[in-house]
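Asker: Output the structure for:
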Amino acid sequence: MVLPLRPSRQQIDDQIVDRAAALFARHGFAATSLQAVADAVGYSKAGLLHHFPSKEALHAAALTLSRAQAQQVLDRLADCSAGPERDRRAVEALADATLATPGLTALNLSQVLELGTSRAAAPGEQEGEVLFQIFGIDPADHDPDRLVRVISAMAGMSVVALVAAQVQDVARWRQSMVTAALDALGHRRPGATSSRSDQVEA
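Answerer: Next up is the predicted model:
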């Protein structure tokens, strides 16, 4: 009889961080308690503190891993110039990230709120910049229509990522996630019809 392998300490820590990241993305740092994280991962508060000594340490770990995830997505696009193909690859990479680590993806994509603001990033804040780069947007000189489409695509994927943290069979959603995001970016599926009222026959 082969006994199942027990998860390593690192795997357990990564799972805790991913669940915590989903809570931070949904409720924000201040409104997310250690007890809420403990409940989400099935630990007592004392048990959670055995892995992370404070909420600040847990939040720092979530930010570090979410930034690394965003950079990995950007690295996958290094050989692809701006255009429909880059958009497709970016969306597929983000969909894959959602399936693997939904909480981290939700935390990353929650930074979409910063995309349309002029607030200067504090030291260490780079999520918005990386998200711009993933979709080939120059924040200093962007087309408003393109910006709105990118924000719409990422906001939708962010919501899906939050839901994905709570369901078991999200892999079945992948193609729908990709299709919806590409639609938001203006890349219609072959054969898709417009829903615009001015194109409906009288």
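Asker: If you count contacts, what does the lowest-mean-pLDDT helix or strand in the chain end up packed against?
Answerer: In the chain, the helix or strand scored least confidently by mean pLDDT, DSSP states H and E is helix 127-134, which has a mean of 78. Here helix 127-134 touches helix 55-75, helix 102-109, going by 3 or more C-beta pairs under 8 Å, 6 or more residues apart in numbering; DSSP states H and E. Backbone N, C-alpha and C define where each C-beta goes, glycine included.
Asker: again, only this time at 7 Å
Answerer: Here helix 127-134 is seen to pack against helix 55-75 when contacts are counted using 3 or more C-beta pairs under 7 Å, 6 or more residues apart in numbering; DSSP states H and E.
Asker: how about the helix it packs on: buried residues?
Answerer: Buried residues in helix 55-75, defined by neighbour count with 16 or more other C-beta atoms under 10 Å: 55, 58-59, 61-63, 65-67, 69-70, 73-74.
Asker: Just the closest of these to residue 11, please.
Answerer: residue 65 (13.0 Å; C-beta to C-beta).
Asker: Could you verify my assumption that the closest one touches residue 104?
Answerer: Yes. Residue 65 lies in contact with residue 104 (C-beta atoms under 7 Å); the separation is 5.5 Å.
Asker: So for residue 174, what's the nearest residue that isn't a sequence neighbour?
Answerer: Spatial nearest neighbour of residue 174, excluding adjacent residues (C-beta to C-beta, 6 or more residues apart in numbering): residue 95 at 5.3 Å.
Asker: Near residue 149, how many other residues are there?
Answerer: When neighbours are counted by other C-beta atoms under 10 Å, residue 149 registers 19.
Asker: could you dump the buried residues of helix 55-75 to TSV with pLDDT?
Answerer: Below are the buried residues of helix 55-75 laid out as TSV (pLDDT from 0 to 100):
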residue	pLDDT
55	96
58	96
59	96
61	96
62	95
63	93
65	93
66	91
67	90
69	91
70	91
73	93
74	94
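Asker: Just the closest of the residues you listed to residue 28, please.
Answerer: For the buried residues of helix 55-75, the nearest to residue 28 is residue 59 (10.3 Å; C-beta to C-beta).
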